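Asker: no sequence on this one, just coordinates:
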């Protein structure tokens, strides 16, 4: 696949990078969701954890997520230079070299995994290491440029943080943590395909085989709707399996219906400009969806736990 080779954008000038450029490599907007879902997994896990160790665990997961982002920007600097929403990232903007980003990502990866293993247990550390590997190698280097299913399979990387948080406390993986994983996993395709619908020209110019560019808008909208239904159903699993109460159930029903309704509106929209506008509305809603659902799950569990002590 031929991509633009701009030596200025891809090489950068050593020494020009600022602190904020290194922070940008960590993808802080993505890290917020990773950290929050990891905290939920850690807090609701049975047995509890020393608060200091818990903070260290969360910091390690955040650093590991940031390391994944840095490695992603290192490898994808060529297509980042083409896409409008990524052209100002440190490497394509010429403020940092690819080598600097690579070293930064590798050092953070090793540090976060080692510290998490020493502070908690090696099950959690192993899961974090696998998450970094999956995002940086399986998704970024392989799937992203080779298949329209890149987001479906690659979405597993973003779904692991609550599992890592849970394992940091318990030393194992349980049904509850797998359900939290599943909710994020099924959320990822409609979230990113909605983005791909209204940023279709960007992905096309960069040669990234996102679903709309490969199978067309109509098929993508059907798949968004199907995944939205599956997401709404998966969000009900904590209630059906008995580890969430009425607060979570109410929120899961309302948010699931809202997500499905927006996906249905997108499915029914034919005109191109209206479709892109509706896709953007769905994408923006999806940004808050996981925060709302996971916050409800956290609140429900904390109230139940607090009530047992009264």
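Answerer: That came in fine, so what should we check first? Being a predicted model, the structure only gives us computed values, none of them experimental.

Asker: how about the longest helix along the chain: buried residues?
Answerer: Ordering each helix of the chain by length in residues (DSSP state H) puts helix 272-307 first. Neighbour-count burial for helix 272-307 flags 275-276, 278-280, 282-283, 285-286, 289-290, 293-294, 296-298, 300-301 (criterion: 16 or more other CB atoms under 10 Å). Where you see a C-beta, it was placed from the backbone N, CA and C, and this is true even at glycine.

Asker: tell me what that helix is packed against?
Answerer: Other helices and strands packing on helix 272-307, by 3 or more CB pairs under 8 Å, 6 or more residues apart in numbering; DSSP states H and E, are helix 28-44, helix 175-198, helix 217-234, helix 246-268.

Asker: got a list of what the spatially closest residue to residue 53 that is not a sequence neighbour touches?
Answerer: Nearest residue to residue 53 in three dimensions, chain neighbours excluded: residue 119, at 5.6 Å (CB to CB, 6 or more residues apart in numbering). Residue 119 makes contact with 53, 56, 57, 60, according to CB atoms under 8 Å, 6 or more residues apart in numbering.

Asker: Next one: the third one from residue 201, what distance?
Answerer: Think residue 57. From residue 57 over to residue 201 the distance is 41 Å, taken as CB to CB, to the nearest Å.

Asker: More neighbours: those two, which one.
Answerer: residue 57 (28 against 11; other CB atoms under 10 Å).

Asker: correct me, but the more buried one touches residue 120?
Answerer: Yes - contact status for residue 57 versus residue 120: in contact at 5.3 Å, counting by CB atoms under 8 Å.

Asker: Need the residues touching each of these two.
Answerer: Joint contacts of residue 57 and residue 120 (CB under 8 Å, 6+ apart) are 49, 168.

Asker: In the stretch 151-300 of the chain, where is pLDDT below threshold?
Answerer: Scanning the stretch 151-300 of the chain for pLDDT under 70 picks out nothing.

Asker: got the contact list for the residue nearest the centre of the chain?
Answerer: What sits nearest the mean C-alpha location of the chain, by CA atoms, centre = their mean, is residue 158, with 3.7 Å. Contacts for residue 158 (CB under 8 Å, 6+ apart) come out as 30, 33, 34, 135, 184, 188.

Asker: Relative to residue 283, how far out is it?
Answerer: 15 Å.

Asker: how does the chain divide into domains?
Answerer: Per the record, the chain has its domains at 16-173, 174-310, by automatic domain parsing.

Asker: All set, thanks.
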